[in-house]
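S.K.: need a 3D model of the sequence below.
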Amino acid sequence: MDVKAHARNLESSIHAVERIQSQKSRQTSEIIPIRFIFTNKLTSDDKILLSFDALVLSEMLGREISLGRIIHGDTRTTLKVKITVLARKVRKLIGKIDKILSLNAHPEVVLNRHCAECEFQIQCREKTIAKDDLSLLSGMSEKERKKLNGKGIFTVTQLSYTFRPRRRYKRLAAKPERYHHSLKALAIREQKIHIVGNLQLRIEGTPIFFDVEGLPDLDSYYLIGVRFKTSEGIIQLSLWADRAEEEKIWIEFLRVLSDIENPVLIH
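M.R.: Model (predicted):
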């Protein structure tokens, strides 16, 4: 069951709390907050949330809490987390949230990698599209956005007019072209695909197009799609397997490749 913890202006819904009685009568019992995560692979955010639970519980009880536990995945694996290591980062995040809440105006809407987990994702994206905000370019960092803002560039459309193809020096010919956010912005504005330089695909052999579908959280892959051309026409294969037979589809995939002369994998 959830345990509601309150301290100052902080509140946390802690999944469970474990109390370990000390063997020595003079020592107080140890309090350990527990958080349950359904995924098999943990992220740093999961540990941050547990550390926040511990911080609120610590302030509410007026005692230090140095350890927490996460129980996660199909096998209910238990992970011990040292709270003291993350406490500074948690307090820093709380300070940022306090600063946002103290503002009279709404915070600036910026899309980031956490949007997929937020209940306001659709509303924020609609506002960002209406503003034509630079955060629509997912590969652009906050530092790069601020640098462009300093130059008076705030929208994708504005950025799209800054792209200028440049002649490359011969000594740089062997190096890959650097990524241009302005070119991506131009592609969005014109609804076209743009390529810097001369596209040359040299495939010396038989191109094999393949794609793998799976569940990364479980390190399990259940489908390999394969497509290639022969003298008789296009061949397309779908190799399926459940978790117990995954090895079988990889062996089958290798068997398919072994029958093709000089296969070149494209994925």
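
S.K.: which residues touch L79?
M.R.: Residues in contact with L79, defined by Cβ atoms under 8 Å, 6 or more residues apart in numbering, are L42, R69, I70, I71, H72. Bear in mind the C-beta positions are built from the backbone N, C-alpha and C, glycine included.

S.K.: tally up the residues packed near the nearest residue to the first one once chain neighbours are set aside, please.
M.R.: Which is L42. Leaving aside its sequence neighbours, L42 sits nearest to H72 (Cβ to Cβ, 6 or more residues apart in numbering; 5.9 Å). Number of residues near H72 (other Cβ atoms under 10 Å) recorded here: 19.

S.K.: isn't H72 right next to I34, touching?
M.R.: No: contact between H72 and I34 fails when scored by Cβ atoms under 8 Å: they sit 10.8 Å apart.

S.K.: measure P176 to R91 for me?
M.R.: From P176 across to R91, the span is 42 Å (Cβ to Cβ, to the nearest Å).

S.K.: returning to what we had before: most neighbours of all the contacts of L79, which one?
M.R.: I70 (21 neighbours).

S.K.: name the SS class of that one, please.
M.R.: Classification of I70 by DSSP: H, G, I helix; E, B strand; the rest coil places it in strand.

S.K.: who does it bridge with?
M.R.: Beta-bridge partners for I70, by DSSP bridges, are R35, L79.

S.K.: burial check on L186, number of neighbours?
M.R.: Residues near L186, counting by other Cβ under 10 Å: 19.

S.K.: residues touching it, list them.
M.R.: Applying Cβ under 8 Å, 6+ apart, the residues near L186 are S160, Y161, F163, H194.

S.K.: over to it: give its phi and psi.
M.R.: When read as degrees, to the nearest 10, the backbone of L186 gives phi -60, psi -40.

S.K.: distance of it from R125?
M.R.: Per Cβ to Cβ, L186 is found 21 Å from R125.

S.K.: for the stretch 151-267 of the chain, what are the low-confidence residue spans?
M.R.: Within the stretch 151-267 of the chain, the stretches with pLDDT under 70 are 172-174.

S.K.: in it, which spans are strands?
M.R.: In chain order, the stretch 151-267 of the chain shows strands spanning 206-215, 220-230, 233-240, 263-266, with DSSP state E, counting those that start in this stretch as the criterion.

S.K.: could I get those as TSV with distance to E117?
M.R.: Listed next are those as TSV, based on distance: least, Cβ to Cβ, whole Å:
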stretch	distance to E117
strand 206-215	18
strand 220-230	23
strand 233-240	30
strand 263-266	33
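
S.K.: count the residues that sit near the nearest residue to I193 once chain neighbours are set aside.
M.R.: Nearest residue to I193, sequence neighbours excluded (Cβ to Cβ, 6+ apart): A187, at 6.2 Å. Neighbours of A187 under the rule other Cβ under 10 Å: 16.

S.K.: how far away is A187 from Y179?
M.R.: Taken as Cβ to Cβ, the span from A187 to Y179 is 12 Å.

S.K.: try I208
M.R.: Distance, I208 to Y179, by Cβ to Cβ: 28 Å.

S.K.: neighbour count: those two, which is higher?
M.R.: Taking neighbours as other Cβ under 10 Å, I208 and Y179 compare with I208 leading, 18 against 10.

S.K.: my guess is the more buried one contacts D259. True?
M.R.: No: the criterion here is Cβ under 8 Å, and I208 misses it with D259 at 11.1 Å.

S.K.: domain parsing for this protein?
M.R.: Domain assignment of the chain by automatic domain parsing yields the ranges 3-101, 115-190, 206-266.

S.K.: could I get those as JSON lines with distance to L199?
M.R.: Listed next are the domains of the chain as JSON lines, based on distance: least, Cβ to Cβ, whole Å:
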{"stretch": "domain 3-101", "distance to L199": "37"}
{"stretch": "domain 115-190", "distance to L199": "11"}
{"stretch": "domain 206-266", "distance to L199": "15"}
